[in-house]
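J.: Build me a model:
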Amino acid sequence: MTKISEIGEFGLIHEIKQIVDKNYQNYPYLQCGIGDDCAVIDGGNGVSQVITTDLLVEQIHFDLLTTPVSHLGYKSVSVNVSDIYAMNAVPKYATVSIGVSESISVEMIKEFYQGVFRASRGFSVPIVGGDTSASIAGFLISITVVGEQKSELVSYRNGTKEGDVLCVTGDLGRAYAGLKILMRERLQMLEDIKENNQNYHPVFEDYKTVIQKHLLPKARKDIIEEFAKYGIKPTSMIDISDGLASEIKHLCRNSNVGVLIHEIKIPVINDTKLIADLFADDTTTYALFGGEDYELLFTVGKDMISKIELMEDITIIGEIKSKEFGVKMLSLEHEYVDLLQRSGFDHFKSGTSNQKNNLDNED
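T.: Residues are numbered from 1 along each chain as shown. Okay, the predicted model is just below:
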């Protein structure tokens with residue numbers, strides 16, 4: 001018997017894909033199955049439906065000691081909507097299913113759904129149903145979001161080509177910096193409880209920016225609206241859930257290309273740098289491998305650069321090369337670093353964590 005930890009998350013996805021892919025040819029309306037942020041279905045009249053499902057498991061993707069349930073409700077919706085945006089599509093409706101253990105109170109469930117409602121309203125995606133069940137494995141959350149877009153405007157992971165530029169929204173590594181602070185405080189709290197110390201009072205005032213990014217990530221609805229405004233269709237796109245390096249490798253593998261990114265161009269804010277310094281960590285490592293930023297990583301042709309420059313909060317960090325070039329980063333020391341040697345977070349290999357590593361649709 002092969003342990004899942006021996007092949008990891010993406011190895012497991014590959015094994016599953018080999019089984020279910022065999023039947024795709026019988027369904028001509030299926031435009032994209034396993035292998036992207038969403039499945040894509042021909043909805044007729046030149047419109048495609050995009051569908052994503054996400055599963056969040058207590059002590060794997062979140063820890064209730066460090067995550068307010070209202071924030072968890074908001075984040076659960078936001079990270080799914082992010083997958084829809086990663087296809088350059090617009091979310092239309094969602095279902096929410098939960099499994100609850102005896103430790104979860106009615107008040108906690110109501111607070112969770114208050115967070116769900118805030119996200120639903122903010123992203124204009126009504127919750128139209130779902131399911132509830134008892135659970136012996138803690139709090140379980142499963143969310144499905146359905147979106148749509150004109151078929152010719154849907155962006156996949158496999159469309160980029162040599163000569164395109166690689167862009168990213170927002171800043172990176174900040175969510176992981178927030179996680180580091182929360183995990184430090186969690187450890188201190190557990191130690192105080194063990195020693196029966198009643199004086200523990202966490203102070204997060206200096207860390208609001210990074211903690212908020214981790215607990216309340218906002219899917220980039222604004223970017224998709226700007227794409228429509230300026231007539232931009234990315235040649236490929238993915239959202240950053242597992243870290244910049246991992247998502248870059250997905251784009252390159254699916255498009256059969258290589259890439260060169262520049263470390264000096266990776267957007268990282270000062271608050272993230274300060275946290276990395278606090279823990280004696282490398283800031284770029286947070287951006288490359290931390291994950292959970294839920295920013296958009298995409299490529300466009302060079303003819304689109306002038307339009308990209310009209311948009312705020314977008315950074316061009318590299319260029320697409322031939323497959324033979326590989327997946328590399330030019331470091332601050334002007335050395336080439338092979339990004340294929342390391343991966344993003346993998347909870348099948350890493351055990352339990354408060355770090356979410358969603359399966360997307362390929363995921």
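
J.: Could you check how far residue 202 is from residue 231?
T.: From residue 202 across to residue 231, the span is 47 Å (C-beta to C-beta, to the nearest Å). C-beta here means a position set from N, CA and C on the backbone, and glycine is covered the same way.

J.: Residue 82 too?
T.: For residue 82, the distance to residue 231 - C-beta to C-beta - is 23 Å.

J.: Looking at these two now, which is surrounded by more residues?
T.: Neighbours were counted for residue 82 and for residue 231 using other C-beta atoms under 10 Å; residue 82 has more, 29 against 9.

J.: where along the stretch 1-150 of the chain do the strands fall?
T.: Secondary structure of the stretch 1-150 of the chain (DSSP state E, counting those that start in this stretch): strands at 30-32, 39-42, 47-57, 90-100, 127-134, 140-150.

J.: Make JSON lines from the ones you listed and add distance to residue 320 to it.
T.: Output for the strands of the stretch 1-150 of the chain, formatted as JSON lines (distance: least, C-beta to C-beta, whole Å):
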{"stretch": "strand 30-32", "distance to residue 320": "21"}
{"stretch": "strand 39-42", "distance to residue 320": "23"}
{"stretch": "strand 47-57", "distance to residue 320": "24"}
{"stretch": "strand 90-100", "distance to residue 320": "27"}
{"stretch": "strand 127-134", "distance to residue 320": "38"}
{"stretch": "strand 140-150", "distance to residue 320": "23"}
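
J.: Any idea which of these has the lowest pLDDT on average?
T.: Least confidently modelled of the strands of the stretch 1-150 of the chain is strand 30-32, at a mean of 87 by mean pLDDT.

J.: Identify all contacting residues around that one.
T.: Strand 30-32 is contacted from outside by 24, 38-42, 48, 151, 154, 156, using C-beta atoms under 8 Å, 6 or more residues apart in numbering.

J.: Identify the bridge partners of residue 130.
T.: Beta-bridge partners for residue 130, by DSSP bridges, are residue 96.

J.: For the protein, which residue occupies the most central location?
T.: residue 241 (2.3 Å; C-alpha atoms, centre = their mean).

J.: hang on, that residue is in a helix, isn't it?
T.: No: under DSSP: H, G, I helix; E, B strand; the rest coil, residue 241 falls outside any helix and is assigned coil.

J.: residues in contact with residue 118?
T.: With C-beta under 8 Å, 6+ apart, residue 118 has these contacts: 70, 73-74.

J.: and of the residues you listed, the nearest to residue 122?
T.: Nearest to residue 122 among the contacts of residue 118: residue 74, at 8.2 Å, using C-beta to C-beta.
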